[in-house]
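J.: sequence first, predicted model second:
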Amino acid sequence: MTAPAPARKNPDAGVFDARRAREDFPILKTAAHGKPLVFLDSAASAQKPRQVIDAVAHVYEAEYANIHRGVYELSERTTAAFEDAREKTRAFLNAREAREIVFVRGATEAINLVAQSFGRAFLKEGDEIVLSALEHHSNIVPWQILRDMTGVVLRVAPVNDAGEIELEAYEKLLNARTRLVAITHVSNAIGTVTPIREIIRLAHAKGVPVLVDGCQAVPHQKVDLQALDCDFYAFSGHKLYGPSGIGVLYGKAEHLEAMPPYQGGGDMIRSVTFEKTDFNVIPYKFEAGTPHIAGAIGLGAAIDYLEGLGLADIAAHEQALLQHATARLSQVEGLRIVGTAAEKSSILSFTLAAAHPHDIGTILDGEGIAIRTGHHCAQPLMDRFCVAATARASFGLYNTTEDADALAEGLRKVLEIFG
């Protein structure tokens, strides 16, 4: 099998053609209930382009061996491809060094790694961690586990009625006991883009490190870690059009070097006796066992694909699509958009007076339209808006105005049934 072709460049600078990009996604040619699939759940997990599928297949068909261990050619080639994916990720995020990129299973594991390694090593009873009301459960529960183990205190920055973080209230939470801020870049539930640079600046002014959950940011905007100057940044490959089971924790080298390992096993060691273990250098100190080799290489292919299309062009397309969809849904009787921040990413979360979100999702599914319904792993945020659940449409680079129009028409059918 020959190596997969690289992602094609967008020949029309500044003009993004979603219809042409759709041709790269085989699953979008399939049907749901006999109707063309309209996939509007990319915030949960994005679909995969042929370039990523081919890259993963190529690993298993022509270039698979365990890495960092073998002296034979095949292992050395696979190791080189794996480490090349790490360098692609570093460049994609503009991190300073490749050793600041740790491969993990996803953002959930990345946050748990920081909670259990950084948190248990450097935080003690009475120390405070500041979160926000926007957080996904994956950026709440690990800190609650740490709280129950160590006695740290969790403080929560509130959001206003639009779903925006109240910066003044956040700043007041920062005090001499604050040891960490853990906060989202973009809300998975309502699409709010947080003022992350100001959040980081305010924390650093008091000497407080910041962890950023970037799952919903990296697929939709250019992320420059050196410009942000955050201390940790986490995201999942499957939301970035890459494979599932692979993710990234970025950490400043000085933090990663000071932190103890999160898990023990092979490849994270230099030497082992029954009396003592000497640990490997970063990032390998945090990559115990055989990693998701094909997943990391597939993530590198996804990064190649996105950069080939142009992140700025993708972002402009998605913002135009969000505006179009917002206008269409605003015309639907009894529809309430939950989350109306001035800065939003490509997520529309809503309720209908006439129907429960689960009923909305079921009827739309019958029309071939896939959306997410429920609390979106953000129950505290749902409580803030006094709803048990919402229906959520989330857009990716492959979505078109026709998809948004199909959603609006599908909601009219919901109203016909429940109206």
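T.: Yep, that arrived.

J.: can you give me the helices for the stretch 151-300 of the chain?
T.: Under the criterion DSSP state H, counting those that start in this stretch, the stretch 151-300 of the chain carries helices at the ranges 167-173, 196-205, 225-228, 253-258, 293-309.

J.: one more: the stretch 301-419 of the chain?
T.: With DSSP H, counting those that start in this stretch as the criterion, the stretch 301-419 of the chain has helices spanning 311-329, 357-366, 379-384, 401-418.

J.: now those as a markdown table including mean neighbour count and distance to residue 74?
T.: From N, CA and C alone the C-beta is placed, and that goes for glycine too. As requested, the helices of the stretch 301-419 of the chain are arranged in a markdown table below (neighbours: other C-beta atoms under 10 Å; distance: least, C-beta to C-beta, whole Å):
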| stretch | mean neighbour count | distance to residue 74 |
| --- | --- | --- |
| helix 311-329 | 18 | 34 |
| helix 357-366 | 18 | 45 |
| helix 379-384 | 18 | 47 |
| helix 401-418 | 17 | 43 |
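
J.: which one of these lies nearest to residue 267?
T.: Using C-beta to C-beta as the measure, helix 311-329 is the one of those that comes nearest residue 267, at 32.5 Å.

J.: mind giving me the packing neighbours of the closest one?
T.: strand 335-337, strand 347-352, helix 401-418 (3 or more C-beta pairs under 8 Å, 6 or more residues apart in numbering; DSSP states H and E).

J.: for these, give me JSON lines that also has distance to residue 212 and mean pLDDT.
T.: As requested, those are exported to JSON lines (distance: least, C-beta to C-beta, whole Å; pLDDT from 0 to 100):
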{"stretch": "strand 335-337", "distance to residue 212": "26", "mean pLDDT": "98"}
{"stretch": "strand 347-352", "distance to residue 212": "18", "mean pLDDT": "98"}
{"stretch": "helix 401-418", "distance to residue 212": "29", "mean pLDDT": "97"}
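
J.: figure out which of the ones you listed is closest to residue 129.
T.: Counting by C-beta to C-beta, residue 129 lies closest to strand 347-352 out of these; the figure is 25.8 Å.

J.: buried residues, stretch 195-215. List them.
T.: 196, 199-200, 202-203, 208-215 (16 or more other C-beta atoms under 10 Å).

J.: what lies in contact with that stretch?
T.: In this structure, residues lying in contact with stretch 195-215 by C-beta atoms under 8 Å, 6 or more residues apart in numbering are 107, 111, 114, 130, 135-136, 138-139, 165, 167, 170-171, 174-175, 178-186, 188, 223, 227-236, 239, 255, 343.

J.: buried members of those into ChimeraX, please.
T.: Only the buried members of these end up in this ChimeraX selection, burial being decided by 16+ other C-beta under 10 Å:
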select :107,111,114,130,135,136,138,139,165,170,174,178,179,180,181,182,183,184,185,186,188,223,228,230,231,232,233,234,235,236,239,255
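
J.: just the contacts of stretch 195-215: which are in strands?
T.: The members of the contacts of stretch 195-215 that map onto strands under DSSP state E are 130, 178-184, 232-236.

J.: and the two most separated of these?
T.: In the ones in strands among the contacts of stretch 195-215, two members sit farther apart than any others by C-beta to C-beta. They are 178 and 236, at 27.1 Å.

J.: got the CA coordinates for stretch 35-46 in CSV?
T.: Extracted as CSV, the C-alpha positions of stretch 35-46 are listed here (Å, rounded to 0.1, in the frame of the first residue of the first chain):
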residue,chain,number,x,y,z
LYS,A,35,-32.8,10.2,3.7
PRO,A,36,-29.4,12.0,3.1
LEU,A,37,-27.5,12.4,6.3
VAL,A,38,-27.4,15.9,7.8
PHE,A,39,-24.8,15.6,10.5
LEU,A,40,-25.0,18.4,13.1
ASP,A,41,-23.2,16.9,16.0
SER,A,42,-19.6,17.7,15.4
ALA,A,43,-19.2,19.2,18.9
ALA,A,44,-19.6,15.7,20.2
SER,A,45,-17.3,14.1,17.6
ALA,A,46,-16.4,15.3,14.1
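
J.: avg pLDDT for that stretch?
T.: Stretch 35-46 comes out with an average pLDDT of 98.

J.: please apply the same query to stretch 315-330.
T.: With pLDDT averaged residue by residue, stretch 315-330 scores 97.

J.: got the contact list for it?
T.: Under the criterion C-beta under 8 Å, 6+ apart, external residues in contact with stretch 315-330 comprise 14, 16, 18, 191, 220-222, 335, 337, 344-348, 350, 393, 395-397, 399-401, 404-405, 407-408, 411.

J.: please repeat the previous calculation with a cut-off of 6 Å.
T.: Defining contact as C-beta atoms under 6 Å, 6 or more residues apart in numbering, one finds that stretch 315-330 is touched by 16, 18, 220, 221, 335, 346, 348, 395, 399, 401, 404, 408.

J.: which one of the residues you listed sits closest to residue 159?
T.: residue 348 (17.4 Å).

J.: just checking, the closest one touches residue 394?
T.: No - between residue 348 and residue 394 there is no contact, the gap being 7.5 Å when judged by C-beta atoms under 6 Å.

J.: would you mind telling me which of these two has the busier surroundings?
T.: Neighbour count, other C-beta atoms under 10 Å: between residue 348 and residue 394, residue 394 has more, with 29 against 26.

J.: contacting residues for the more buried one?
T.: Contacts for residue 394 were tallied using C-beta under 6 Å, 6+ apart; they are 42, 43, 347.
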